[in-house]
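Engineer: test case, fold it:
(chains A and B, ligands or ions: 1)
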Amino acid sequence: MTGRRSRRKWRHRLSDPQTLFGKIWDRHVVAGLGGGAELIAIDRIFLHERTGAAALNSLKAAGRPVADPSRVFCVMDHIVDTRPGRGDQTLMPGGQAFITETRAAAIEAGITLFDVTDPDQGIVHVVSPELGIVLPGCTLIAPDSHTCTQGAFGALAWGIGSSEAEHAMATGTLRLTRPKTMRVTFTGILAPGVTPKDMILTLIARHGAGGGKGYAIEFTGEAVTALDMEGRMTLCNMATEFAAMTGMIAPDAKTFDWIAGRRYAPKGTMLDRAIAEWRTLATDEGATFDAEITIDASAIEPMVSWGTSPEHSAGISGQVPADPPERPVAYMGVEPGQKLAGIPIDAAFIGSCTNGRLSDLRRAAALLKGHHVADGVKALVVPGSMAVRRAAEAEGLDKVFVEAGFEWRMSGCSMCFYAGGESFPAGSRVVSSTNRNFEGRQGPGIRTHIASPETVVASAIAGCIADPREIAA
Amino acid sequence: MTPFTKLTAIAAPLIRDNIDTDAIIPSREMKSTGKTGLAEGLFSAWRYLTPGGRDPNPEFILNQPAFAEAQMILGGTNFGCGSSREHAVWALAEYGIRAVIAPGFAPIFAGNCTRNGIVPVVLPAEAVAEIAADGGPVTVDLEQQRVSLGDGRHWSFDIGAEARAMLLEGLDAIDLTFKRRAEITAFQAADRKARPWIYLGELPA
Ligand code: SF4
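Structural biologist: Numbers count the residues shown, from 1 in each chain, chains lettered A, B, ... in the order given. A predicted model of the protein is given here:
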């Protein structure tokens, strides 16, 4: 196949209706490579300390400089300690080397680093939007699968491996094959107590953890438009759990309001000019998608997982299926047909790039006020960024959490994943606002039930999986 | 990167759906900032008896004598889902795995495979089951895009042209892209005028 032929297949005539995805993709095509591949320009790159040193050192060893360091950023988030007073020391054995080597490599490469003690430190997908680094219409990549979170801004943002990060840093591009497009429409409006986390878990439970494979997804519909930017990020965050390349949402006035005034965002007349272009970033009427899914958002209830894949999730009033696969129920220690509400828990975790933002903490604290964590339940909150932590403290949310028996931490990925350091006691059952319930994800033998922050709070108070709508204010 | 043209080898069946990269290489096994020293940690939660320990679990497929020389893995759907860590592929490659045959791969994982000389072969679940039941050596012929068994049974598979070319020739993607430097420079010069807010610094001379 020649480059010309593949181009003819894909290039839309100006008059053809296009999808949001198609507009961003076409805008970034540097060259056709033949055989269906295209060279795509990459606008923003993020690294983190878990893999940053490997990518930067490997580039350096090959004698390849970072082409444009002004558009490459690095955060310390994955394995940093989250206990107050932290430094480079971390609970992960050997972890300190990841921090110091990434720091040294980042400084040498001349990229922007948000270091351990930087006031802007936080989880990559929380920090990037906070600082206006992700912008509508941009391409943004990071060697982290939850980079799709940032699609909430109408950006094409997705996770890659280390080799691709090196490629993008060295050349400012990636060699890609255009994915298919899928539109997921959430009609109606969410019921009180139901959140974007429940929307995305519903999608994955219904259509499978592989349901989005090969697709770039656009989330749309009344329930999506109604979400604030933080809710939109939660929704897009778990597109990767659906095996999609990414999830995205067309930018609107809420998006532009969020961006205005942020450090790396355009300012003044440049912002006006940018917004004029960003307004064109919507799917045209009549544009077609390769696949369509529609979900009635008004019928969604709070969701909680029972197994070891996000597709093993059900409504809080539901049960473990009568005939579930053996391995997940054995690992999780649940019975076929067992009711989810009432399963006793040992721990509760609020945080992560899915649900560690200010609005998440606000809603959790509002539910928690006047209650206390059940005896024997270890509970902690880890803000998604130091900026979130400061904002929460300014509102007194930290006091609500601490008085109710939660630990209040510094920002980082923390116990969203286990790197050999801090974990819950072996075998613990945890209700967690994170995005992955894989075997061992939070530590050896740890049984993770993923849910919204509201459901985590309700469960922490009750000492068992509980429906947040049943908490008396 | 080691080119891959054709290989006949033992394939170890690990046919579970959604085998994630935390299972392939648990984060605690990523002990250094380099790309090596990972083979020992491959599948460690399943391969060894205790977390962090090194006593082989005799039940685990790669610990069984018949599969000691396996250079391929037979997997379930959505193989390699989860974390984007390329360490999962580096660990497989270092252990000696050259192909994974499964009904489907997580996209980031599949991309990482083709950049490290491992062929992600997509075949229907029934075909994967048939290959597992056969138990004999399996041939993956990338040039012909064909998987075959000793008795002649065979299946063809699809793989993107770009991935196929890179694997066959063991090409370095960055070197290939550098040949497009003029196009990249031209794109950026025009783009900088059209979307100046994207460019945060002066381009190096
Ligand atoms: S919070 Fe969890 S999912 Fe998000 S980037 Fe960190 S480790 Fe990954």
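
Engineer: CA only for contacts and neighbour counts going forward, please
Structural biologist: Will do.

Engineer: helices of the stretch 101-250 of chain A, residue ranges please.
Structural biologist: All helices of the stretch 101-250 of chain A, identified by DSSP state H, counting those that start in this stretch, fall at A:124-130, A:162-171, A:196-207, A:222-225, A:229-237.

Engineer: tell me which of those helices sits nearest to residue B:25.
Structural biologist: Among the helices of the stretch 101-250 of chain A, helix A:162-171 comes nearest to residue B:25, with 15.1 Å by Cα to Cα.

Engineer: so which of the helices of the stretch 101-250 of chain A gets nearest residue A:389?
Structural biologist: Shortest distance between residue A:389 and the helices of the stretch 101-250 of chain A, using Cα to Cα, is found for helix A:124-130: 11.8 Å.

Engineer: can you list contacts of the closest one?
Structural biologist: The contact list for helix A:124-130, computed with Cα atoms under 8 Å, 6 or more residues apart in numbering or on different chains, reads A:46, A:48, A:75, A:77, A:120-121, A:134, A:146-147, A:149-150, A:259, A:262, A:353, A:357, A:384-385.

Engineer: how many other residues sit next to the one residue in the stretch 251-400 of chain A that gets nearest to the ligand?
Structural biologist: Ranked by Cα to the nearest ligand atom, the top residue of the stretch 251-400 of chain A for proximity to the ligand is residue A:352, at 3.6 Å. One way to gauge burial is a neighbour count; for residue A:352, by other Cα atoms under 10 Å in any protein chain shown, it gives 28.

Engineer: ramachandran angles for it?
Structural biologist: Reported as degrees, to the nearest 10, the phi and psi values for residue A:352 are phi 90, psi 170.

Engineer: was I right about residue A:365 contacting residue A:402?
Structural biologist: No. The pair residue A:365 and residue A:402 does not pass the contact test of Cα atoms under 8 Å, sitting 10.1 Å apart.

Engineer: the two: who's more crowded?
Structural biologist: residue A:365 (23 against 15).

Engineer: what is whichever strand or helix holds the more buried one packed up against?
Structural biologist: According to DSSP states H and E, residue A:365 maps onto helix A:358-368. For helix A:358-368, the elements it packs on are helix A:386-394, helix A:397-403, helix A:453-462, judged by 3 or more Cα pairs under 8 Å, 6 or more residues apart in numbering or on different chains; DSSP states H and E.

Engineer: contacts only, for residue A:138.
Structural biologist: With contact taken as Cα under 8 Å, 6+ apart, residue A:138 is in contact with A:24, A:42-44, A:155-157, B:198.

Engineer: what bridges to residue A:380?
Structural biologist: Going by DSSP bridges, residue A:380 is paired in beta bridges with residue A:349, residue A:407.

Engineer: just give me the neighbour total for it.
Structural biologist: By other Cα under 10 Å, 21 other residues sit near residue A:380.

Engineer: for the one 3 residues further on, same thing?
Structural biologist: Burial of residue A:383 is recorded as 32 neighbouring residues (other Cα under 10 Å).

Engineer: can you pull the contacts of residue 109?
Structural biologist: Unless you meant another one, I'm taking chain A. Contact criterion Cα under 8 Å, 6+ apart gives A:56, A:65-66, A:69 as the residues in contact with residue A:109.

Engineer: wrong chain, I was asking about chain B
Structural biologist: Neighbouring residues of residue B:109 by Cα under 8 Å, 6+ apart: A:161, B:79-81, B:84, B:86, B:89.

Engineer: mind doing that once more with 10 Å?
Structural biologist: By Cα atoms under 10 Å, 6 or more residues apart in numbering or on different chains, residue B:109 lies in contact with A:160-161, B:20-21, B:78-86, B:88-89, B:120.

Engineer: still on that earlier bit, show me which pair in the contacts of residue A:109 is furthest apart.
Structural biologist: Put simply, by Cα to Cα the two of the contacts of residue A:109 set farthest apart are A:56 and A:69, 11.6 Å from each other.

Engineer: outline the domain layout of chain B.
Structural biologist: B:6-171, B:172-205 (automatic domain parsing).

Engineer: how close does the residue lying closest to residue A:197 once chain neighbours are set aside get to residue A:129?
Structural biologist: Computed as Cα to Cα, 6 or more residues apart in numbering or on different chains, the closest residue to residue A:197 that is not its neighbour in sequence is residue A:452, at 5.6 Å. When distance is defined by Cα to Cα, to the nearest Å, residue A:452 is 21 Å away from residue A:129.

Engineer: what about these two, which has more around it?
Structural biologist: When residue A:452 and residue A:129 are compared for neighbours, residue A:452 comes out ahead with 30 against 23, by other Cα under 10 Å.

Engineer: can you tell me how far that one is from residue A:166?
Structural biologist: Counting by Cα to Cα, the gap from residue A:452 to residue A:166 is 35 Å.

Engineer: cool, and residue A:427?
Structural biologist: In this structure, residue A:427 lies at 38 Å from residue A:166, with Cα to Cα as the measure.

Engineer: which one's more surrounded, the two?
Structural biologist: More neighbours sit around residue A:166 than around the other of residue A:427 and residue A:166, counting by other Cα under 10 Å; the figures are 25 against 17.

Engineer: I'd guessed that one sits against residue A:72; true?
Structural biologist: No. Residue A:166 is not in contact with residue A:72 according to Cα atoms under 10 Å; the separation is 11.2 Å.

Engineer: still on that earlier bit, ok, so of the contacts of residue A:109, who is nearest residue A:339?
Structural biologist: When those are compared for distance to residue A:339 (Cα to Cα), residue A:56 wins out at 48.8 Å.

Engineer: sorry, back to before: what mean pLDDT does the helix holding residue A:365 have?
Structural biologist: Along helix A:358-368, the predicted local confidence has a mean pLDDT of 98.

Engineer: taking helix A:386-394 as reference, get the angle to it.
Structural biologist: Per axes from the mean of the first three to the mean of the last three Cα atoms, to 10 degrees, the angle that helix A:358-368 makes with helix A:386-394 is 30 degrees.

Engineer: for residue B:144, helix, strand, or coil?
Structural biologist: Here residue B:144 is recorded as coil under DSSP: H, G, I helix; E, B strand; the rest coil.

Engineer: wait, isn't it in contact with residue B:5?
Structural biologist: Yes. Using Cα under 10 Å, residue B:144 makes contact with residue B:5 at a distance of 9.1 Å.

Engineer: those two: which is more packed in?
Structural biologist: Set side by side, residue B:144 and residue B:5 give different neighbour counts by other Cα under 10 Å, the larger being at residue B:5 (17 against 11).

Engineer: give me the local confidence score for the more buried one.
Structural biologist: On the pLDDT scale, residue B:5 is placed at 96.

Engineer: what's near enough to touch residue 136?
Structural biologist: I went with chain A, as the question did not name one. Contacts here follow Cα under 10 Å, 6+ apart; on that basis residue A:136 touches A:24, A:150-156, A:249-252, A:255-256, A:259, A:274-275, A:277-279, A:281.

Engineer: my bad, the chain I had in mind was chain B
Structural biologist: So, once contact is read as Cα under 10 Å, 6+ apart, residue B:136 ends up touching B:8-11, B:66, B:149-151.

Engineer: by neighbours, which of those wins?
Structural biologist: For those, the largest neighbour count, defined by other Cα under 10 Å, is 27 neighbours, found at residue B:11.

Engineer: show me the beta-bridge partners of it.
Structural biologist: Residues found in beta-bridge contact with residue B:11 (criterion: DSSP bridges) are residue B:72.

Engineer: isn't it right up against residue B:129?
Structural biologist: No. Applying Cα under 10 Å, one finds residue B:11 not in contact with residue B:129, separated by 11.6 Å.
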